[in-house]
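*Asks:* What follows is a predicted structure for the sequence shown.
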Amino acid sequence: MSNRKITFINPPYDSIAKGYEFVKEITNNSPSLGLMYLAAEVREHGYEPEIIESNIMNLTIEGVVERVVESAPAYVGITLFTVGVWNTAEIAKSIKQKLPETVIVIGGPHVSSMGRETMERFSQFDYAVTGEGEKTLMDLLRAIEGEGKLTEVPELIYRDGPFINQTQGRAINRDLDYLPMPAWDLLPDFPQAYKPAIYDYPRGPVATIAASRGCPFHCKFCDTSTFGDRVRYYSPAKVVEMMRHLKQTYGIRHVMFVDDLFLASRKRASEFCKILIEEGLNMTWSCTSRVDTVHEDVLALMKQAGCWEISFGLESGSQEMLEKMVKSAKVKDSERAVKMTAAAGIRTKGLFMLGYPGETVDSIEETKQFVRNIPMTIMNLTKFTPYPGSPIYYDLYGSNIRDDHWEKMNGMNFLWSPEGISIDELDKHYREMLVSFYRRPSISWHYTWLSLLYPQHMVRLIKFGAHFAKYKVTNLIRKPALENER
């Protein structure tokens, strides 16, 4: 086959309302790690990959299509989150009109949970890869090029005339060291253009790494269909090798581990920290953990090895709500873990959720009180979203596919409210909870100090403020004009 080009796309998401694009100055702009793995894998087998990060490159649907048409690849691979389904469908439709021979493959979290339904609805998608994509994509490419059969490609959804067929899954490989290093070199303007949310890191540049895959817990709001419930790891030495590569090649100074559960193994975490201390890379890093997987001795090692922040899925300050979520953790465990982490000199980021089924005014008040009692440094409060593939999605909707909600599934909209409390009331409590936390003098001082210590955050904040002021002034000028037109 002469054309070996593959274009991987992270599509544009409409999670930011039109006119508020300046919010991007302070929000997360990290690249798609999954696409970097896929690009690295196909490159090892002689293909020519490129990566389009739509939001980071400020590309519209038309802009993405234009780039693809200019490149004219044999294949297009699109990573798909629920919120991006409709934009992705538009991109695929336009590509098919202009490049009818180009094969379009979709994958990602939404496909792993809703792949068959998505393929049935959108005929412009040729194939869907569920689960982890590296091996499946290569098997698919070989089959398309005549070196195998589609029926023998595991974890594949494909068309057979008017029918949609789906193959069985593959055995999970517990060793991740066999994977090639992510293709950071294919990211345009890396690492300068790829910044996490403001104040979510000390000093840049920043890169993301997944040191493990999978989570053994079964919280009802989580969709684990992509990586499953068996935790698999890179060896600690391999993780440190990636960090060394990022520092030496790109000048990376902080790494954000995006594992579902970085501290799943106490032994492995300790070994990683010891190797990192011996290497003397002088890099900082952050990770995620459950409150029942942290220990004082490991925290001390982590601090010594450069750990700057741990994110905990605290979710709620109500024990009743935690039980409804099947969190398998107690409020007292959450309080203990946060205090222990703060005592070790590591920042704590609390991840909370508001509006889960069963939420009441009383449970919300319990959460507000809990937030006041813990030494948390940063708070991330999301609006409950029943993501497709999660157990709570099926509890609420059964087998029905609420595709009318797909465009809004970004954690920034209340799509549903518990009995006895309205969406407007939830929004009010949402604002109150965030404002009350960030107005605390200790929190205000912390972020003032952080801005002085790491001026890049202040620069981003000033840019945001300038664009926001411009937006407000423009609206003030336009308002009388619009009123006169009426």
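*Replies:* Cool, the structure landed. Residues are numbered from 1 along each chain as shown.

*Asks:* Only C-alpha atoms from now on, for both contacts and neighbour counts.
*Replies:* Noted.

*Asks:* State the mean pLDDT of the helix or strand containing Met36.
*Replies:* Remark: Met36 resides in helix 33-44, with elements defined by DSSP states H and E. Mean pLDDT, computed over helix 33-44, is 96.

*Asks:* Taking helix 33-44 as reference, get the angle to the helix or strand that comes right after it.
*Replies:* Sequence-wise, the next helix or strand downstream of helix 33-44 (DSSP H and E) is strand 48-53. Relative orientation of strand 48-53 and helix 33-44, computed by axes from the mean of the first three to the mean of the last three C-alpha atoms, to 10 degrees: 170 degrees.

*Asks:* who touches strand 48-53?
*Replies:* Residues outside strand 48-53 that contact it (C-alpha atoms under 8 Å, 6 or more residues apart in numbering) are 4-11, 31-32, 35-36, 39, 42-43, 64, 186-187.

*Asks:* Check stretch 252-270 too.
*Replies:* Applying C-alpha under 8 Å, 6+ apart, the external contacts of stretch 252-270 come out as 191, 201-215, 231, 236, 243, 246-247, 282-290, 293-294, 298, 301-302.

*Asks:* three-state assignment of the residue lying closest to Pro391 once chain neighbours are set aside?
*Replies:* For Pro391, ignoring the flanking residues on the chain, the nearest one in space by C-alpha to C-alpha, 6 or more residues apart in numbering is Lys220 at 5.0 Å. Recorded secondary structure, Lys220: coil (DSSP: H, G, I helix; E, B strand; the rest coil).

*Asks:* For Lys220, give its distance to Ile392.
*Replies:* For Lys220, the distance to Ile392 (C-alpha to C-alpha, to the nearest Å) stands at 5 Å.

*Asks:* ok, now Tyr194?
*Replies:* If you go by C-alpha to C-alpha, the gap between Tyr194 and Ile392 works out to 33 Å.

*Asks:* returning to what we had before: among the contacts of stretch 252-270, which ones are buried?
*Replies:* Listed as buried from the contacts of stretch 252-270 are 191, 201-215, 231, 236, 243, 246-247, 283-290, 294, 298, 301-302; burial here means 16 or more other C-alpha atoms under 10 Å.

*Asks:* taking those residues one by one, which sit in strands?
*Replies:* Counting by DSSP state E, the buried ones among the contacts of stretch 252-270 place 206-209, 212-213, 284-289 in strands.

*Asks:* Using CSV, please lay out the residues you listed together with distance to Ala337 and pLDDT.
*Replies:* As requested, those are exported to CSV (distance: C-alpha to C-alpha, whole Å; pLDDT from 0 to 100):
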residue, distance to Ala337, pLDDT
Val206, 26, 97
Ala207, 26, 97
Thr208, 24, 96
Ile209, 24, 96
Ser212, 22, 91
Arg213, 23, 89
Thr284, 21, 97
Trp285, 19, 98
Ser286, 16, 97
Cys287, 14, 96
Thr288, 12, 93
Ser289, 10, 93
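
*Asks:* Report the two of those residues separated the most.
*Replies:* Farthest pair in those (C-alpha to C-alpha) is Arg213 and Thr284. Separation: 21.6 Å.

*Asks:* His45: neighbour count?
*Replies:* 9 (other C-alpha atoms under 10 Å).

*Asks:* ok, it to Lys238 distance?
*Replies:* 22 Å.

*Asks:* Likewise for Leu426?
*Replies:* Per C-alpha to C-alpha, Leu426 is found 45 Å from Lys238.

*Asks:* Contact partners for Ile26?
*Replies:* So Ile26 contacts 197-198, 460-461, 464 (C-alpha under 8 Å, 6+ apart).
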